[in-house]
Every structure is written in C-alpha cells, then in structure tokens.
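Novice: sequence first, then the predicted structure, then my questions.
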Amino acid sequence: MKRQARGGGPATVGASSTRTAEEHTERPAGGQADGLPGRPVPPQLRRRLGRADLKAVAEARRALRALLRHWGGPDTSQVAELLTSELVTNALVHTDDDAILTATVSPHGLRVEVRDFVARRPRPRTPGTGEGTGGRGLVLVQSLADTWGVCMHGVGKSVWFELGADAA
C-alpha cells in the first residue's frame with residue numbers, strides 16, 4: 001500500500017549539521033546504533049551537496065548504489081537511485097544553497113532524506129502537456145515510494161522517502 005506521510009520521521013536525520021560530510025557509517029558513542037551494546041549500526045551514506053552542483057546528482061546515485069549493493073535486488077536499487085536523484089535535483093535546482101543527502105539502510109528498509117535550507121514546502125504537481133520533462137520529481141516519489149514526506153526544520157526542510165525491506 002502506498003501512502004503519503006507529512007512530517008513525521010526523526011527530525012534529527014540530516015539535521016542542522018553544517019560540517020562537510022562524505023560517505024561514511026555514522027557511529028554514535030560506543031559504536032552502537034543507539035549507544036546500547038549489542039545493537040548494530042545501520043549502514044549509512046551522508047554527503048554534503050554543493051550549491052547548484054548538478055554533477056552531485058550522478059555522484060549521489062553512484063554512492064547510493066554502493067550502499068545498496070547488499071540490500072534489495074537491482075529493481076529496488078534502481079527505484080531508490082531514481083527517487084534519490086529526483087530529491088537531490090530538486091534541492092539543487094530550487095534552492096540557492098547547499099543540501100545534505102542522508103540514506104540509511106535498516107532491517108525495516110531504506111530511508112533517504114535530502115535536507116536543504118529553504119523553508120518553502122515542495123508540492124507535487126502534474127505537469128501539463130508540452131511542459132518538457134520538468135516537474136515530475138515529486139510525482140515519481142509519490143508514486144514509487146512506500147512512504148514519503150516533508151519535515152520542516154527551524155531553517156529549511158528535509159524531503160524524505162522510504163522503501164520497505166519487503167521490497168528488497
């Protein structure tokens with residue numbers, strides 16, 4: 001069942017970190033996912049995307065593909081890459097600032113967030129005929145993701161989607 005969720009989700013994922021982040025696995029104190037012994041740390045991709053750097057879209061897809069190498073089948077990875085490239089493109093084209101991509105694989109599935117620093121809420125719109133290829137990104141996210149939404153922050157927002165582990 002496809003559903004759209006607005007808000008929700010952890011507000012701290014991709015939160016106001018201003019440091020430059022590259023691909024890495026986040027490891028809280030103690031090396032555990034939540035700081036508790038015996039809990040594995042989920043694989044994670046975290047990358048800062050430069051302002052209007054559209055080559056970051058292809059780089060984000062490659063990095064996500066590497067993260068998902070052992071999760072899901074090729075079809076799931078392709079859907080995740082497509083939706084991630086749509087969110088990254090939106091953040092870089094419709095804002096005049098950097099963005100932060102965070103993707104986390106857990107036993108429950110995949111969660112991808114793109115945080116930008118513009119408070120304007122995105123809205124899916126169905127483009128009319130003759131409008132070229134633009135304007136379809138959030139419609140694709142809405143159609144293909146298990147859930148998706150927008151988390152508003154003090155400065156900016158995160159647009160996110162999830163693909164469940166059952167899709168893998």
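Specialist: Great, that's in hand.

Novice: low-confidence ranges, the chain, go.
Specialist: 1-41, 127-135, 167-168 (pLDDT under 70).

Novice: look at Val79 and give its secondary structure.
Specialist: Secondary structure, DSSP: H, G, I helix; E, B strand; the rest coil: Val79 is helix.

Novice: could you measure from the closest residue to it other than its chain neighbours over to Thr76?
Specialist: With CB to CB, 6 or more residues apart in numbering as the criterion, Val79 has its nearest non-adjacent residue at 5.4 Å, and that residue is Leu144. Where C-beta positions appear, they are placed from N, C-alpha and C, glycine not excepted. According to CB to CB, to the nearest Å, Leu144 and Thr76 sit 10 Å apart.

Novice: contacts only, for Thr84.
Specialist: Counting by CB atoms under 8 Å, 6 or more residues apart in numbering, Thr84 touches 60-61, 64, 101, 103, 112, 114.

Novice: just these: which are in helices?
Specialist: 60-61, 64 (DSSP state H).

Novice: which residues in the chain form strands?
Specialist: Counting by DSSP state E, the chain has strands at residues 44-49, 99-106, 109-116, 147-152, 157-164.

Novice: wait, which of those strands is closest to Lys55?
Specialist: Among these, strand 44-49 comes nearest to Lys55, with 9.9 Å by CB to CB.

Novice: partners of that closest one, with directions?
Specialist: strand 99-106 (antiparallel) (DSSP bridges).

Novice: which residues in this protein form helices?
Specialist: So, for the chain - with DSSP H - the helices run 55-67, 74-93, 137-144.

Novice: deepest-packed of these, please.
Specialist: helix 74-93 (a mean of 20; mean count of other CB atoms under 10 Å).

Novice: and that one with strand 44-49, angle?
Specialist: 30 degrees (axes from the mean of the first three to the mean of the last three CA atoms, to 10 degrees).

Novice: coming back round to it: distance of the residue nearest to Val79 relative to Arg136?
Specialist: Taken as CB to CB, the span from Leu144 to Arg136 is 11 Å.

Novice: swap in Asp166?
Specialist: With CB to CB as the criterion, Asp166 and Arg136 are 26 Å apart.

Novice: still on that earlier bit, so which of the helices of the chain is nearest Arg121?
Specialist: Comparing the helices of the chain by CB to CB, helix 137-144 comes nearest, at 10.9 Å.

Novice: neighbouring contacts of that closest one?
Specialist: Outside helix 137-144, the residues that touch it by CB under 8 Å, 6+ apart are 2, 4, 79, 82-83, 86-87, 89-90, 122-126, 148, 159, 161.

Novice: 7 Å instead, please
Specialist: With contacts defined as CB atoms under 7 Å, 6 or more residues apart in numbering, helix 137-144 is touched by 4, 79, 82-83, 86-87, 89-90, 122, 124, 126, 148, 161.
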